[in-house]
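In: sequence and predicted structure are below.
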Amino acid sequence: MSPGFAPGARVGVLTTEPLDRILDYRAPEGGCATGDFVEVPLGPRRVLGVVWGPGAGDFDAAKLRPVARVLDAAPMRDEMRGFLERAADYTLTPLSAMLRLATRAPGLGDAPSMQKVYRRGPGAPDRMTPARTRVLDTLDAYGGLAFTLGELAGEAGVSPSVVKGLLPSGAVLEEDTPRDRPYPRLDPARPGVALADDQAEAAGRLCAGVAAGDYATTLLKGVTGSGKTEVYLEAVAECLGKGRQALVLLPEIALTAEFLARVEARFGARPAEWHSGVTMVERRRLWRMVGEGGAQLVVGARSALFLPFRDLGLIVVDEEHDSSYKQEEGALYNARDMAVLRASLCSAQVVLASATPSLESWANAEAGKYARIDLTSRFGEAEMPDMAALDMRAEDVPAGRWISPGLQRAVGERLTAGRQSLLFLNRRGYAPVTVCRACGHMIGCENCDARMVEHRFLKRLVCHQCGETRPIPDACPSCQAAGKLAPVGPGVERLAEETAALFPEARVAVLSSDLFTTARALKSSIEAIAGGGADIIIGTQIVAKGHNFPLLTLVGVIDADLGLQGSDLRAAERTFQLMRQVAGRAGRGAERGVALLQTFQPEHPVIRAILTGDEEGFWRAEAAERRAAGVPPYGRMAGIVLSAPEAKPAFELGTHLARNDAPLRRIGAQLYGPAPAPIARIRGRHRVRLLIKAAKGTPLQSAIREWLAPVKLPANVRLAVDIDPQSFL
């Protein structure tokens, strides 16, 4: 039981404001308890907070202001407060920022009430208009979720009267409903799909762990198409059957549509969703229902980890290797690692699922910290694809072309057979660089030290760092020469242009995140392709993440060497993962697939490992190199990024930090820098990096905290600490 505080008692309240300290208040009339969500006065405003415990007592009691009110919400549990404190301590993030992550839902202070919501009905309007079509398409895309009138009108891009006009026909239903209502109950006793022997054994081991009710982490490593999802859904069923809640994290919104359908087929109802594509009505409802136990299973993005679960018994991190689990702005955390932390505090099981696990997870399994379960064969009739390299040194590829004759022949064979092909290139846009052939100028972003990428479909130049766009100019911005600008290098749009010229009768679809304005549009396109709506798919890494295209039997990787460039310590690992994942899209039906990698380095160790499928050999070799270098996961690293409108104050502060690094030297850490970041200016701010390297097991966070404590940031200078950095840009 959380301690209660009588009216007028001194209580400590953590607010969501950027103060990084707990403030003292007087308990309100009726009292309050630790964990209560409250509204408190702060200056002239009222702000959201949580009663964190007794007040510190370092403020004049006569001047204490009372808590304005206790909110009608389930109190924050002790384990959740402990999780936020531990997460803040590990990532060196202000605790108030962690609390903001845990309260990201609108209207938490509003009293329970009724509201009118709108959902899809069985009827059909007597006449259709483009505006009405957009309303019905929006409702269909969200799978029966309810909207307020304003949300539905805004999402569909119509006026409220258009929505109202669909009511008489029953195509749209208007309902009075509580703002926050429990989700439909999922039935864990419903039978799942028939599992193969190895799947059943894996599911049994996961279920036994859930039934034990203790903390443990299991790496579920299975080749693409091996049925990992069906295996861990059995663990979800076990968890729900025990009356506990489950959370499944997915790396991309685009993956949710197919996954939700599988969950509904397994349990008879849709789970709760938490991601950027969910309406504000649903976000508030989910936040409250999770705390009250009215949501059994949540499927969400990384931030779902900070929801106030009442009794969390299982966390599944699907595609656990995916870099999108690392939050790179604001509070810098890795959802995979935070999932393990949270589960350890609430006696929950963690399942890390991947065909190509991160080296961190592989090493933890090797060391015995994690259990490991392997699924080595595809489910049903499907077999792993054959893999081969196309040596570009021997292929006669015309200038300005990117598809080799060998790959062209393979695509043509699939077209003749009525099968799909995927051409993969991890570069968005038409061309990565636009250069003037008269003066050599390369068009860059005015706000960043980055080249602008031509997006011919959008008729714009786009900066992939800050999002700045501008029309494609007719003349060179430097020398004003007209007609001399030329695209250099391929992007998926240029590849699509070449594909259409080589295969004029083929239906070509491009899958790239920048070509879709909404998650709904992306999901719709993926569903159409899976249904046979394209012959050739041109895609970036978005196609590598768990999609199932039954007719796809050929994957062609245009530039398998692309990820091997640069000095990123994870370059080999990420290239290996991405190539194996994208190759795994081929042959997921009854027909065996083929993956062809265009490469100028077929003898490269990473390329050889990809082709041979010697995954364990690759991980052992990669682990040996990392261990010898003393870098993660066999050492510790932290990044310090300083940014300012001008470079000089950032460098001056970086130099000051480098000269006063005694706390770091005491633990044997090495400090590198300051140096300009590889992309030295983003959004008009100059960026300077320092990198800390330390032995595993050293108290790195406490040393960094001591090192930075005396620092007074100059005006307009920002400092960010990134523990376990994944990106070094």
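Out: The structure has been received and is ready for your questions.

In: how about residues contacting stretch 481-492?
Out: For stretch 481-492, contacts defined as C-beta atoms under 8 Å, 6 or more residues apart in numbering pick out 402, 425, 427-439, 443, 453-454, 472-476, 494, 510, 512, 538-540, 558-559. Every residue, glycine included, has its C-beta placed from N, CA and C.

In: first-to-last residue distance for it?
Out: 28 Å (C-alpha to C-alpha, to the nearest Å).

In: so for it, what gets flagged as buried?
Out: For stretch 481-492, the neighbour count (16 or more other C-beta atoms under 10 Å) marks 485, 487, 489-492 as buried.

In: same check, this time on stretch 701-713
Out: Buried residues in stretch 701-713, counted by 16+ other C-beta under 10 Å: 701, 703-704, 707.

In: turn these into TSV, columns for pLDDT.
Out: As requested, the buried residues of stretch 701-713 are arranged in TSV below (pLDDT from 0 to 100):
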residue	pLDDT
Gln701	97
Ala703	97
Ile704	97
Trp707	97
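
In: and the lowest-mean-pLDDT helix or strand in the chain, what's buried?
Out: Across the helices and strands of the chain, mean confidence by mean pLDDT, DSSP states H and E is lowest for helix 519-530: a mean of 76. Within helix 519-530, the residues that count as buried by 16+ other C-beta under 10 Å are 519-520, 522-527, 529-530.

In: tell me if I am right that Ala211 is in a helix.
Out: Yes - assessed with DSSP: H, G, I helix; E, B strand; the rest coil, Ala211 lies in a helix.

In: next one, pLDDT for it please.
Out: We note a pLDDT of 96 for Ala211 in this prediction.

In: residue contacts, it?
Out: Contacts here follow C-beta under 8 Å, 6+ apart; on that basis Ala211 touches 238, 242.

In: can you tell me which residue is nearest the centre of this structure?
Out: In the chain, the residue lying closest to the centroid (C-alpha atoms, centre = their mean) is Ser324, at 3.6 Å.

In: can you tell me the SS state at the closest residue to Ala669 other than its chain neighbours?
Out: With C-beta to C-beta, 6 or more residues apart in numbering as the criterion, Ala669 has its nearest non-adjacent residue at 3.9 Å, and that residue is Ala694. The three-state assignment at Ala694 reads strand, by three-state DSSP.

In: hey, what's Ala694 bridged with?
Out: Ala694 has these beta-bridge partners by DSSP bridges: Arg636.

In: what distance do you get for it to Gln701?
Out: Separation of Ala694 from Gln701 (C-beta to C-beta, to the nearest Å): 10 Å.

In: equivalent analysis for Leu139, please.
Out: Distance of Leu139 to Gln701, given as C-beta to C-beta: 48 Å.

In: so what's the nearest residue in space to Glu319 that is not next to it in sequence up against?
Out: Spatial nearest neighbour of Glu319, chain neighbours left out: Pro251 (4.9 Å); criterion: C-beta to C-beta, 6+ apart. The neighbours of Pro251, taking C-beta under 8 Å, 6+ apart as the test, are 301, 318-319, 322, 324-325, 545.

In: my guess is Val543 contacts Ser512, does it?
Out: No - using C-beta atoms under 8 Å, Val543 makes no contact with Ser512, being 9.1 Å away.

In: what sits against the residue nearest to Ala669?
Out: By C-beta under 8 Å, 6+ apart, the contact list for Ala694 reads 635-638, 664, 667-670, 700, 703.

In: switch to 10 Å and redo it
Out: Each residue near Ala694 by C-beta atoms under 10 Å, 6 or more residues apart in numbering is listed here: 630, 635-638, 664, 667-671, 700, 703-704.
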